[in-house]
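Chemist: Structure for this input, please:
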Amino acid sequence: MTFDETFQMVKRALDAGRPANGYLIVGSVRGHAMDLAVRIVQALFCTGGEKPCGACEPCRRVAERIEPDVHWVFPEMKSRVISAEQMREKLLAEIAQTSLAGGWKVGVLVGADRLNEASANAFLKTLEEPPEKTLFLLLTDTPQQLLPTVVSRCQRIDLDAFRELGEPWRGSLLDTLASPFFRSPVERMVSANQLYAILQEMQEKAEEWVKAEAEKEEKVEDGEDVFKAKVSARYREMRMDFLISFMRWFRDVLVIRAGGAEQVHFQEKLEVLKARAARLTLAQALYNVSAAEELARQFDRNLSEETALAYAVDRLFHGVGDKA
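Modeler: Got it, this is the predicted structure:
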């Protein structure tokens with residue numbers, strides 16, 4: 001489904017009065033997941049013609065996060081967690097009150113994977129039996145870190161298909177993966193270093209963005225630890241886009257090897273991908289996809305990115321030279 005079709009699916013449920021108690025929106029929490037959440041909430045509060053119009057006063061308040069019946073919960077403190085105290089004071093106590101406008105009440109958890117066991121358990125009963133005309137939206141790019149009991153009480157909406165690595169990193173990643181220099185161990189080590197350099201650039205940009213946001217919002221920082229935690233959270237979102245693109249490259253090779261070139265994601269590199277696929281067996285192409293997915297899991301376990309990339313690049317079948 002397209003992004004618009006995904007939104008319309010939720011809107012039909014809302015219009016029919018039969019929405020899920022909670023929607024788990026999996027995607028970039030500062031990108032498509034946030035965009036979808038805002039659009040869903042605007043549809044509930046919009047007073048314009050075609051809902052959401054995006055121009056009326058309620059739509060504006062939702063977009064600016066100042067609508068009083070919409071309660072936004074973000075990770076706080078240097079640990080960047082959503083604590084049980086935060087859940088009770090900033091969400092559950094507010095949701096239990098009567099809507100100020102006499103209509104819907106909405107709770108939006110941005111970075112729901114940052115719920116710890118205590119806060120998740122504090123939330124479970126309300127999520128399972130919410131007050132009338134109450135909707136919860138849980139945004140995350142790492143759903144595997146949520147408690148299964150939370151996931152099971154939500155309808156999942158997966159937006160990863162819409163995620164794209166931004167420029168200039170997308171171009172740098174594709175140029176590196178399309179490079180013919182994967183024949184020898186030294187060449188593969190150089191390529192791994194190039195990929196790691198992309199991650200380092202992204203981390204520097206994440207720090208710039210967090211600084212700029214703090215200046216724009218005129219916030220007084222809580223200290224160096226909090227600043228570093230915010231940078232880390234932003235970088236992890238960007239790194240996920242990097243990993244998705246990395247995995248897509250090897251999935252494209254597998255798709256072509258299996259005879260489905262029309263389903264390739266990176267169409268601009270189609271000829272290179274075809275050449276790589278022609279040099280691999282189906283088993284090798286399948287192995288590559290598993291190895292790329294394992295790299296993502298290693299990053300989640302906070303293993304050294306530089307070491308994990310070097311290991312992954314060295315053991316993958318690239319369809320270049322003697323190694324393939």
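Chemist: Now for Arg236: which residues touch it?
Modeler: Asp141 (CB atoms under 8 Å, 6 or more residues apart in numbering). The way it works is simple: take the backbone N, C-alpha and C, and place the C-beta from them, glycine included.
Chemist: so when I look at it, I'm seeing a helix, right?
Modeler: Yes. According to DSSP: H, G, I helix; E, B strand; the rest coil, Arg236 belongs to a helix.
Chemist: what about the closest residue in space to Val272 that isn't next to it in sequence, how many neighbours?
Modeler: Nearest residue to Val272, sequence neighbours excluded (CB to CB, 6 or more residues apart in numbering): Ala178, at 4.6 Å. By other CB atoms under 10 Å, 17 other residues sit near Ala178.
Chemist: now swap in Lys125 and tell me
Modeler: Neighbours of Lys125 using other CB under 10 Å come to 10.
Chemist: buried sites along the one helix or strand it maps to?
Modeler: Element membership of Lys125 [criterion: DSSP states H and E] is helix 117-128. Using 16 or more other CB atoms under 10 Å as the test for burial, helix 117-128 gives 119-120, 122-123, 126-127.
Chemist: List of residues touching that helix?
Modeler: So helix 117-128 is contacted by 21-22, 81-84, 86-88, 91-92, 95, 115, 136, 146-147, 149-150, 153-154 (CB under 8 Å, 6+ apart).
Chemist: Before we move on, what's the pLDDT of Ala214?
Modeler: You'll see Ala214 listed with a pLDDT of 73.
Chemist: Just the element for it, please.
Modeler: Per DSSP H and E, Ala214 falls inside helix 185-216.
Chemist: got the contact list for Lys230?
Modeler: Counting by CB under 8 Å, 6+ apart, Lys230 has contacts 80, 210.
Chemist: In which helix or strand does it reside?
Modeler: helix 224-257.
Chemist: pLDDT of that helix, averaged?
Modeler: Helix 224-257 comes out at a mean pLDDT of 89.
Chemist: Same check on stretch 288-299?
Modeler: Averaging pLDDT along stretch 288-299 yields 92.
Chemist: Show me which positions of that stretch end up buried.
Modeler: For stretch 288-299, by 16+ other CB under 10 Å, it's 288-289, 291-292, 295-296, 298-299.
Chemist: so what's Arg276 closest to, chain neighbours aside?
Modeler: Nearest one to Arg276, counting by CB to CB, 6+ apart, is Gly319 at 3.1 Å.
Chemist: How about the secondary structure of that neighbour?
Modeler: Here Gly319 is coil, with the state taken from three-state DSSP.
Chemist: Of the buried residues of helix 117-128, which is the nearest to Phe250?
Modeler: Proximity of these to Phe250 (CB to CB) peaks at Ala120, which lies at 33.9 Å.
Chemist: contacts for stretch 166-180?
Modeler: Contacts of stretch 166-180 (CB under 8 Å, 6+ apart): 164-165, 191, 194-195, 198, 201-202, 238, 241-242, 245-246, 249, 266, 268-269, 272, 320-321.
Chemist: any chance you could map the helices in the protein?
Modeler: Taking DSSP state H to define them, one finds helices in the chain at 3-15, 32-45, 57-63, 84-87, 93-95, 117-128, 148-151, 169-177, 185-216, 224-257, 270-278, 282-300, 305-315.
Chemist: Which strands or helices does the second one pack on?
Modeler: Counting contacts by 3 or more CB pairs under 8 Å, 6 or more residues apart in numbering; DSSP states H and E, helix 32-45 packs against helix 3-15, strand 22-26, helix 57-63, strand 105-110, strand 134-140.
Chemist: Can you lay out those as JSON lines showing mean pLDDT, mean neighbour count and distance to Thr47?
Modeler: Below are these laid out as JSON lines (pLDDT from 0 to 100; neighbours: other CB atoms under 10 Å; distance: least, CB to CB, whole Å):
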{"stretch": "helix 3-15", "mean pLDDT": "90", "mean neighbour count": "14", "distance to Thr47": "15"}
{"stretch": "strand 22-26", "mean pLDDT": "94", "mean neighbour count": "24", "distance to Thr47": "23"}
{"stretch": "helix 57-63", "mean pLDDT": "93", "mean neighbour count": "18", "distance to Thr47": "6"}
{"stretch": "strand 105-110", "mean pLDDT": "94", "mean neighbour count": "24", "distance to Thr47": "16"}
{"stretch": "strand 134-140", "mean pLDDT": "94", "mean neighbour count": "24", "distance to Thr47": "18"}
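Chemist: Which of the ones you listed sits closest to Ala206?
Modeler: strand 105-110 (16.5 Å).
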